[in-house]
Each structure stands twice: as structure tokens, then as C-alpha cells.
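> Got a sequence here, can you build the structure:
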Amino acid sequence: MENGTKRRRRELEPTVLHKVGDVISAINEAKHVDQLICALHSLAVRLFPLDSSAFSGSIDEQYRDQVLRTEVPSSDERSDWWWVFYQGTAFPTLARVLLYEVASNWLACFPISAQKHVYDVFFVEGLATEVVQTLVPCLQHNGRDSLRVNAVCSNAERLLVLCLFENDGILQMAREFGSSFQSEDFISERMKPAISRVAQLMVSIPDKAPLGAPTSLSSHFFFKQIAIQLLAGVEEKSMKLHDEAASLDKNDMDGTFLFVGETFARICRRGSVDVLVGEVIPRILAHIRSCLQSNTDLNADVFETNPGFLFWSKMMEAIKDPYAVERMSEQILHHLATEQASDTEAYWTLWMLFHQIFYHQKSVRSMFIDKFLLWKVFPLCCLRWILQFAVLECPPGANSLTKGHNTRGLIDTVQRLAAVWSKQEFVQSAPIEQQTYITAAVGISLEKMSKEELDATKEVMHSILRGVSCRLESPDHLVRRMASSVALVFSKVVDPKNPLYLDDSCSGETIDWEFGLVTPDKGIQVASSSTEKGIKEIENSTASVAGKELDSAVDGGAGNNLKDRDKKLSKFRLVDPDEIIDPAMLNDESTSGGSDDDNASDNSESSNDSSLQPYDLSDDDTDLKKNFTQLVDVVGALRKSDDADAVERALDVAENLVRASPDELRHLTGDLVRTLVQVRCSDLTIEGEEESAEEKRQKALVALLVTCPFESLDALHKLLYSPNVDVSQRILILDIMTDAAQELADTRTMKLKRQPGALISTILETQPWFLPSSIGPPGAGSWKEMSGTGSLLNLSYSYERELPPKPHQVKRGKTRRWSLRLKNMPESQTEWSQNKFPLYAAAFMLPAMQGFDKRRHGVDLLARDFIVLGKLIYMLGVCMKCASMHPEASALASPLLDMLSSREVCYHKEAYVRRSVLFAASCVLMALHPSYVASALVEGNPELSKGLEWVRTWALNVADTDTDKDCYTMAMTCLQLHAEMALQASRALETSESTFKTKSIGLSSNMLKGEIKIPHPSVQY
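Reported below is the predicted structural model:
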């Protein structure tokens, strides 16, 4: 029977195509909208069960009879017509006419009822997979007529919303792919590319939708609706296959599952994994909680026999993209932590989603055991869930983790964790959050080990002892506390009766593996015990000051008011310009000693019997907290990580002391730069003041770069790729280099104006012969004739002119200028220089570009540390912008373009890096002078020509293929800058060619050969 159906449909195909051709011809020849409606109705009635009377009242009477008299086929015949129409070439052919010609010329004239029954029906009641492939390209329709383009795009948006959301088109596509896999004539290998193509088109709709598109096509709402419909489709499919257990156990996935997995993977790639997980996790938790209410003892059999749970593992198995699985797994853990799920709920959620692929796919197993334990940082509850699911491999107990029968996995995991935790490089270079996370993983895993298992692995014991010893040497209290906690757990495993307490904070039965970094009750961060001590000291000093003020208010009278007035008047005094100023006064802060002296003098004047009372010595410590006046003291204070108050006071004065440029600055620049980069402001400041401390540190580093550029850059470039700094410190280095480059570019300095002179000197002068020679020292004025006082017969004349004073004749006053020589120069001989950066441009850029693509210990810019790579490229672009139109920019353009054109950089998978490359390329185009580009083209400079051509071709490729909107916009801007630069260079080239032709007339043969002879001058001066 099926063979007969195939043969009948194959014979029907020419008839369907002929009918579609007649309809298209009628559309092209139509003079009235009713003619168009009749033509479309004649085809629609053969495909769909239409009610012609629903719209016949909205058309003219002469066409109404034609519509009502149309012959209606049987349901079987209509089914054959529908199958041939949508499975062949008929629908794409007619759809192109409907979406472009009819939508732009006729659709506005359609009655609403006729539009619904004879136009929209071709898309709403059609094959959803074919409809989507036809509608999505219309969102980016291009044309010269803007009205036509808007009509086509708006109609495509309306039909997509109607088909996908109002009629559950996404669910319909999942059903269609599922039914296709069940047909006998289906070849799965041919269907998988179609599934991938449809999924790619569908998830690209939010990116292709224009600005005025409906909100339902925005990425958040759109992906949410996709997730809702696809989850319903997968659940429906699993219910149908519940009785056919073998179907769910096949290696070849069902079409519905493949489509869902491909779509979910592409949603994760688009950065909307949170929307997807937000729909998945609540459904799973609702099922698990319902089972927990009915079954007190849950096991794997309860979930394996329930068809409502079985499809979740198949859904994750259908996602073939490892990156999507990793991003989805991370978001699931974070979402479970946000929902405050219990250990039992979280375990069974992970089990339902990952238990199949965890045992069958090595990449998933490595993701949980290696990446999630060694490279990522999760909340502590997520770490417990990861260990319970992937390491212990058994359901948790009521209040704690439970150890399973497979102890081999626990031993191997502890070995890997301890090996990383014990390395000295990890203690020095890893961020404190990651150290805390891995320490907690080591401690929790050790708590589940027995002495026999520990004795079986001698490497774990040595690693634990080595890690504890190197942490106990650290000056950071938090690092030492980590060592104490691990040592306590280790001692309990070795000898439970004799625990080893190295810290008072580990005295309790349970250990706080978060180490006080996050306290949920108070919501504050505790950096170290010194911070708490500083807070208590501030409270005590505030209370004592408030008490003293209250006493003075009670005892004081009119005399105190007079004294206060005299003190205020005494503050206004004349300042001597030649007075030597203490650098500490630059900080605009008065020392506590001054106020104490004033109070002491007042008390001495009004002394009485109460002065015999003993002094209050509780606040004597404040006398020791004076401001730093030497850079050596600042460096020493910054190195005291356990003295938060000293670090804070050093940061307060660092910038002003650096900008004062003391003599020792040049010798201390390197040490000061390294110390400022390595100091941890977030660990040494009170909560709420971290940004203020970070800002002070950054300003001090910028001041160092501006004041001593070469010495500071030498230290910063060594730290940039050093394994002893983390990602945040590398980003800090690049940020301060960017700010310093911009500050140097905005600096104004006065210099002598260059006076163009003749290339060949001459003894002839333009002034009259009777005047004295104009030769003299720089700055001399012009000659002036003076009236004589002699007799009338005196025939001689006298001339005078002003000369600049000699060095020993300068009278120094109290008001001084930086340069006396420039003061005496006329304004016509001096000018302002606006940019000091080109002198240091090479020192900023070249060392940073050297070795950026090398993978070192803790440094991987091309992969893991892509944010640092983007920051580096952005800094280089800013440097080129600061050196704009300067010869130094021309020399640095070629190496920068060579770096940007490397495939690992310009085609980086992260859009952030690509945007940075586009910004840097645009800065190069703006920085190059057109005359230099023209001369490079004439002289045949291959590096610059190749680089500029690469910028053009690569920007065109980005504008055509990149899915990121910002990359597209920046690529178009880059192309515009390239076109403007090419135009200016061509004009400069034409000017140079015309000048060369003019000057080349009448040249001698020697000059044409490039030989120019200059005779020695015979005149002696």
C-alpha cells in the first residue's frame, strides 16, 4: 500500500507544479485584489480544509460565486497534494512570490479574513521545517526601495510569530523530525545536516530581526519559548516510546531528540544558557520533590522505571557540542545553588541529566573530575554536589556526604587534588578564591578517606605535608588558616584520637571550608583578623573623641569661644615662595600631632587642680600613625600584608609623592611598581572601600608611568607574562598602561619653534649696507637708530638693540619660572607641544607584543586568558591612537598589523577579542599619515601594503560572516576609515607625482643618475 502511495504522489507532482505555475501567472496578471484572492484560493482549497464562506463576504460578488463554486477534493486527495506541494519544489517557488511580490504590492489591500484563509494558511498549515527555512532569509531582505524592504521584513516577522508561537511551530518541527526518523525510506545521515541547518536558522532569528521587530523575537523571550515547546516535545516523545523500551536504548537517536539537542547546543553558544536552564531545572526539581514526598527511600530504579524522568538523560546525550554541555553544566550547578536545593535534590538532578553520558563519554567525566575541581570555582555547596556525584558516586545521606563502594575514584581524585594543592607555584600565583576552592575540595575528600586508603597512596601524604609547610610560611593569615584546616583533617585520618590544631579557628568539630570569605547571615567579607582589629580600634577611638568633645562642650564658655576665634585667625598667614615644603603636606592631611599640641597649649593656659589627674594613654597609638614622607617607607609599608592600616596610609600618599619627583624616585621605581601591582587591596581594606583603594593604587601606578616611563615599563613588562601574577593583575597592568599613554599624549610642554633656514648659507644680507650685521646671539632684538646729542656737523649715526641677559646677570626673585631662557624668547619663537607619548611609544608597545602567543605556566592568552588578550590589543590600539600622525606611528604600524593578522587572533572564537582587533586596526588607520602611506606605496614597502590590504579584506569578511552585531558595526566603521585613508593617500600620491614631474624638467644627467655634487665653500667665517 505504501508503494502505491509513493507512486501516486510521484505521478501527481507534475500536476501540482503546473497548478502552481498557473497561480503565479494569475498573480502577475491580476489587476484587482479579488483576482489575486481567487487565484490563491483555487490552490489552497486543494491543500487545506478551507471554509470558503468565512471570507467570501469580503470580496466582490462576481468573484464570490467563483470561490463558492470551486470543487473541494477528498481528504486523501488533499493529503497527497499537501505532501507533494511541501516536499518538492512547489512551495519554495510559490512562497518566494508570496513573500516578496504579494507582500509588497497586494497584501495591504487584503481583507483580514481573506488574508487569514488564503495567504497565511500556506505558512501556518504547512510543513514547519520548510516554512522556517523560507521565512528566515526574508528578515534580511535588501533592496533600493525602502518601503518594499520594510513591507517584506514586517510580513516575515508577523508570519514567524504566527507560525512559531501562536501555532506551536517549534513543537511541530520536533514532531516532524521524529516522524521522519521512523519512515522506512529515511536515511539518517542525510537527515542530520537538515536538522543542523534548521536549528541554526531558528536560533539566528533574534540576531537577524531588525530593531523595530516584535518583542517576542527578542533573544530572551524567543529562546524561552523555544525551550518550553521543545521540552514539551521531548516529553511527549518519551511517553510514546515508553512501551518500546528498545527504542530508547538504541545508539541512533530519535529525530526529536537530535533536533532538541542541536537547538539547545546552539542556544548555549549564543550565550542564553541561563534562559534554557531556567526552564529545565524547575521541572526536574518539581518531579524530584513529588517523588520525595511519596518515596522516602529513593534509588535509581525509581527514576529508571518512570517515563517522566528517562528522557532527561536522552536530552543531554543528544547535545553533541562539548562546550554547550560544559556551559549548561555550570549553569545548572549555579541555578541549583540559587534555588537552595538540598543535597538529595541536587544529586538526583545531576544523576538524571548526566548519569548516562558520565559513564559513556570521557569528555564529560573529565569535565566533572578535572575541570570542575581544578580549574573552575563554584560555591561550596556545588563542590559538595560535584564530589558526591562524580567522585563518591552514590546518593548522599541525610546531613552529610556518603561514601560509595567505588573507592578507587576517591583515591585518584585526592591524589590529583593534593598534587596541585602542594605546588609552591600554585600558592604564589593562583587567585585566593581558587586556592580556597581547591583547599575545600582536598579537605572534604580527605574527610571521606580511611587510614588504610591513605596508607595505600604514599604520594598523598607527602603532598599534604609539602602543601601545609609552604602555606604556613605565608604572611597571609587566610593562607595559613587553609594549611591548619587541612592539617587537622589529615591528622584525624591518621590518628582520630590526637587531632592536630595549628590554629584557634579550627577548634570546633566542623570546619568552615569557606574560611569566612562569605558569611550568609551577615553578608560581609572578612579578609583577615587584622581588618577586624582595625575596625575595633576605629570604634574605640571614635568613642573616646566623642567623650572629649562632650566634656569640652560642658566645661567651655566665652573664653573658649575667644580662643577658637584666635586660632582660626592664626591659620591665615603669608607663605614664603622660597620656603622648603615638607612632602607630607602635599597630601592635604593634617597630622594628629598638631591638634594634640594645640589642645595641650590650651589646657596649660587654663590649668587647675584637675590637671593633676593621670593622663589617658589609650590613644597614644595614634601618634605613631603619621603620614609617610619618603618613598622608601611607602615601599616598606606596602610589603606588610599583615598591617592593613599601614598599607592604606601608604596608598593615600603614593601618588602625590611620586608626582613630586623626589631624587630617589628613579632608583625605587622598579620596586614600587612591583609592590603596587602585587598588593591585595581587597584583602586589606574594609568592606565598601575596596574600589577606593584600587583607585588609589591605579592612580599611583599611572603617576609612576608618566614620571619615569622607561623604568616603570621595564618592570611592568616583566610582570605582564610572569607566572607569579593572576589575571586581575595582568588586566591592571594593561589598564594603567592605557591610562598613562593617554595622559602622556595630553601633556603640554613649551619648546622653541623651529625656524626654517636656507640650506646654503650666504654672505649677502637683505638689510641696507650701512646697518650693522644682524648676526648675534639667539633672542637678540632688531637694530634701532638712536638720535645723537653731538654737534650739527656730526655725520655719524648710532644704532642699538636689546640683547638677552647673561647667566650671571639674572636676578632671582621669589616668583620663579621653570625656564628663564624661554621667558626671554619672543612669543613668535616659542610654541606648545601637545604630545609627549611618541617618545615612549615603542617602549610601551614592542615588549608587550613580544611573545604574546607563547603558552607559559599560568599564562595562556590565546585560550583561557582571552580577556587579557583583548585588553592587550585594546591597549596597543590606544597607543597607536596617541601617536597619531607622528613618524613613530608609521614605524610601529607594521609590527602591530602583523600581530593582528595572525589567525589565532583575528579569528578568535571569542567576540571580545575580535572587537579589540577591529578597534586596534581602526586606530592604525587613523594614526597613519597619508603622505607616509603614499611614500610606502611608491617605494614598494611590502609590509605596510600587505597589512593595509589585510585590514580591508578581513573587515569585509567580518562584516559578511560574523554573527556578533558589535563586530559587524565595527567592521563597517573600519572599512569606512580604510576608504578615507586610501582617498587621502591617493591625493598625496598624485601631488607628489605632479611635483616630481615639475621639478624634473631640465635636470642634468648626473641628477637623473642620483648623483648630486656639492662643492666645498670657499668663504671663511
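
> Return the residues in contact with A324.
A324 makes contact with 264-266, 268-269, 273 under the criterion CB atoms under 8 Å, 6 or more residues apart in numbering. Yep, even glycine has a C-beta here, placed from its N, CA and C like the rest.

> Which pair in these has the greatest spatial separation?
The span of the contacts of A324, defined through CB to CB, is set by R266 and V273 at 10.9 Å.

> I369 - how many residues pack around it?
The burial metric for I369, expressed as a neighbour count using other CB atoms under 10 Å, is 20.

> for L892, same thing?
24.

> May I ask you to confirm that it is in contact with C882?
No - under the criterion of CB atoms under 8 Å, L892 makes no contact with C882, lying 11.1 Å away.

> So for those two, which residues contact both of them?
Counting by CB under 8 Å, 6+ apart, the residues touching both L892 and C882 are A841.

> hang on, the earlier thing: same list, the contacts of A324, but as JSON lines with distance to V280, pLDDT and secondary structure please.
Written out in JSON lines, the entries for the contacts of A324 read as follows (distance: CB to CB, whole Å; pLDDT from 0 to 100; DSSP: H, G, I helix; E, B strand; the rest coil):
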{"residue": "F264", "distance to V280": "9", "pLDDT": "92", "secondary structure": "helix"}
{"residue": "A265", "distance to V280": "14", "pLDDT": "91", "secondary structure": "helix"}
{"residue": "R266", "distance to V280": "16", "pLDDT": "92", "secondary structure": "helix"}
{"residue": "C268", "distance to V280": "12", "pLDDT": "92", "secondary structure": "helix"}
{"residue": "R269", "distance to V280": "17", "pLDDT": "90", "secondary structure": "helix"}
{"residue": "V273", "distance to V280": "10", "pLDDT": "92", "secondary structure": "helix"}
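
> Highest neighbour count among the residues you listed?
Most neighbours among the contacts of A324, by other CB under 10 Å: F264, with 29 neighbours.

> Buried ones in the helix ranked longest in the chain, by neighbour count?
Among the elements of type helix in the chain, defined by DSSP state H, the one spanning the most residues is helix 965-999. Of the residues in helix 965-999, 967-968, 970-971, 973-975, 977-978, 981, 984-985, 988-989 count as buried by neighbour count, 16 or more other CB atoms under 10 Å.

> Please identify which of those residues is nearest to A44.
Y968 (39.3 Å).

> Tell me which residues touch the closest one, please.
Residues near Y968 by CB under 8 Å, 6+ apart: 958-959, 962.

> In those residues, which residue is surrounded by the most others?
In the contacts of Y968, the most neighbours by other CB under 10 Å go to V958, 23 neighbours.

> In space, what's closest to that one - neighbours in sequence excluded?
Closest residue in space to V958, ignoring its immediate chain neighbours: A971 at 4.0 Å, by CB to CB, 6 or more residues apart in numbering.

> Wait, a strand at L861?
No - with the criterion set as DSSP: H, G, I helix; E, B strand; the rest coil, the secondary structure at L861 is coil rather than a strand.

> Which secondary structure elements does the helix or strand where L258 lies sit against?
Per DSSP states H and E: L258 is located in helix 255-269. On a contact count with 3 or more CB pairs under 8 Å, 6 or more residues apart in numbering; DSSP states H and E, helix 255-269 meets helix 169-182, helix 188-203, helix 219-240, helix 273-294, helix 307-318, helix 322-338.

> let's go with 6 Å and repeat that
For helix 255-269, the elements it packs on are helix 169-182, helix 188-203, helix 219-240, helix 307-318, helix 322-338, judged by 3 or more CB pairs under 6 Å, 6 or more residues apart in numbering; DSSP states H and E.

> Buried ones in the last one, by neighbour count?
Applying a neighbour-count criterion of 16+ other CB under 10 Å, one finds 324-333, 335-337 buried in helix 322-338.

> again, but for the longest one
Of the residues in helix 219-240, those buried under the neighbour-count criterion (16+ other CB under 10 Å) are 219, 222-227, 229-231, 233-234, 237-238.

> That helix packs against which elements?
Counting contacts by 3+ CB pairs under 6 Å, 6+ apart, helix 219-240 is packed against helix 169-182, helix 255-269, helix 273-294, helix 307-318.

> which helices and strands sit right next to the shortest one?
It stands for helix 307-318. helix 219-240, helix 255-269, helix 343-360.

> Next, the residues that contact it from outside, please.
Residues lying outside helix 307-318 but in contact with it, judged by CB atoms under 6 Å, 6 or more residues apart in numbering, are 234, 238-239, 242, 253, 257-258, 260-261, 303, 352-353, 356-357.

> In PyMOL, select just the buried ones from those residues.
Selection of buried members from these for PyMOL, criterion 16+ other CB under 10 Å:
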select buried, resi 234+238+242+253+257+258+260+261+303+352+353+356+357
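
> Which pair of the contacts of helix 307-318 spans the longest distance?
In the contacts of helix 307-318, the most distant members under the criterion CB to CB are L258 and F303, with 23.2 Å between them.

> Could you double-check that V702 lies in contact with D739?
Yes - with contact defined as CB atoms under 6 Å, V702 reaches D739; the gap is 4.8 Å.

> which one of these two has more residues nearby?
When neighbours are counted by other CB under 10 Å, V702 comes out ahead of the other of V702 and D739, with 24 against 18.

> Please report how far that one lies from H717.
Applying CB to CB, to the nearest Å, the value for V702 to H717 is 16 Å.

> so which strand or helix has V924?
For V924, the element it lies in under DSSP H and E is helix 911-927.

> Which neighbouring elements make contact with that helix?
On a contact count with 3+ CB pairs under 6 Å, 6+ apart, helix 911-927 meets helix 866-882, helix 887-900, helix 965-999.

> Show me how far the last one is from its chain's centre.
Computed by CA atoms, centre = their mean, to the nearest Å, the separation of helix 965-999 from the middle of its chain amounts to 32 Å.
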